[in-house]
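J.: Provide a 3D model corresponding to the input given below.
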Amino acid sequence: MRKVAFIVSRALIAIAAFSLLAACGGGGSDDNNGGGGSDVSSEFKNDACNQVGLKIANGFSCSPGEDPAATSLVLLDILDTNGSIGACSGVVVDSQIVMTAGHCVQGGVAAILVSTPAGQQVAATSIAQHPGFRRSGGVLFDDYAFVFVNQPINSARASILLSRAPQVGEEVYVAGRGETSQGSGAVDNIFAGAAVIDNVTDAHIWISFEGNQSHPCGGDSGGPLLIKLGNGNLAVAGLVSQSDPSVDPDNICKVGDYTIYGNVQAQSVLDFITTFAPNTGVK
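T.: Numbering: from 1, shown residues only. Predicted coordinates:
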């Protein structure tokens, strides 16, 4: 069954009146004060912004490059029915469709404003949360949603990784608009960095925050885990979902955190994509 919620667009006026105060959870920190684990190469890490179609503005904060539409990354400002504002990340998969984390739209959503790094802002008209979205043993499953907007987004389109499975020990790119440390508040620009895959299951991809790796934080939920293919193209292998429930709350967004990404190759996810965003590219 197609489960679609329609959004009251006029509520977007309220979003424009507030600054971002809350984050969706999950999330983009870069902390070098820790050791151990698998480090990423400096060259790989330093190229993160370029690889996602942006350029480095300050450290690993990214700003629009020569072609502002070269990235598929977008920012989501979410107003719920209680008047609270949250922040998430997402990727454009079709001209008027954004893919993000399902928990970002869980509960009553009054409005969503989608913003590109180039400054375009478009209003959401409806959302579709994965019908299998659930929590089991403290872990979210089928944590995906689509946001449909009222006009074409001037951005590149992300493609889903299907040509091969993600590999343990593989260097990957992570990106999003979240906090730079827990409680700092989500920001209005993109951060990108590199990390190494620790574990892969049918439903999830796991990455620990160790050494010089980059790591998601609050506001990065729905942001992509990107793998560079042999031809140089990037493909989305997963989306930021949550910290592992075993992580000490004091270590969230710090060395010792362990992030769970949804694995987009799960059959339930592919079925969801086929139903709601059939024009999504694959690589």
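J.: Tell me who's in contact with the residue nearest to H103 when sequence neighbours are not counted.
T.: Distances taken as CB to CB, 6 or more residues apart in numbering place D143 nearest to H103, at 5.7 Å, with adjacent residues excluded. All C-beta atoms are positioned from the backbone trio N, CA, C, and that covers glycine. Residues near D143 by CB atoms under 8 Å, 6 or more residues apart in numbering: A101, G102, H103, H130, F133, L239, S241, Q242, G262.
J.: To what extent is the fourth one buried, counted in neighbours?
T.: Put plainly, it is H130. Counted by other CB atoms under 10 Å, the residues lying close to H130 total 23.
J.: what about it, distance to V172?
T.: Distance of H130 to V172, computed by CB to CB, to the nearest Å: 23 Å.
J.: for the fifth one, same thing?
T.: Between F133 and V172 the distance is 24 Å, computed by CB to CB.
J.: Break this structure down into its structural domains.
T.: What automatic domain parsing lists as the domains of the chain is 5-23+69-156+269-282, 29-67+159-265.
J.: how much space between the residue nearest to H103 and G262?
T.: Taken as CB to CB, the span from D143 to G262 is 5 Å.
J.: Mutual contacts of the two, please.
T.: Both D143 and G262 are contacted by A101, L239, S241, under the criterion CB under 8 Å, 6+ apart.
J.: Any of the residues you listed buried? List them.
T.: Buried subset of those (neighbour count, 16 or more other CB atoms under 10 Å): A101, L239, S241.
J.: Closest to I273 out of the residues you listed?
T.: Using CB to CB, L239 is the member of those that lies nearest I273, at 11.8 Å.
J.: By mean pLDDT, show me the worst of the domains of the chain.
T.: Mean pLDDT is lowest for domain 29-67+159-265 among these, at a mean of 72.
J.: Using CSV, write out the CA atom coordinates for the helix of greatest length in the chain.
T.: Looking across the chain with DSSP state H, the single longest helix is helix 267-276. What follows is helix 267-276, C-alpha atoms only, in CSV (Å, rounded to 0.1, in the frame of the first residue of the first chain):
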residue,chain,number,x,y,z
GLN,A,267,15.4,-5.9,-0.8
SER,A,268,12.7,-4.0,1.2
VAL,A,269,14.5,-0.7,0.4
LEU,A,270,14.8,-1.5,-3.3
ASP,A,271,11.1,-2.3,-3.4
PHE,A,272,10.3,1.0,-1.6
ILE,A,273,12.4,2.9,-4.2
THR,A,274,10.8,1.1,-7.1
THR,A,275,7.3,2.1,-5.7
PHE,A,276,7.9,5.7,-4.9
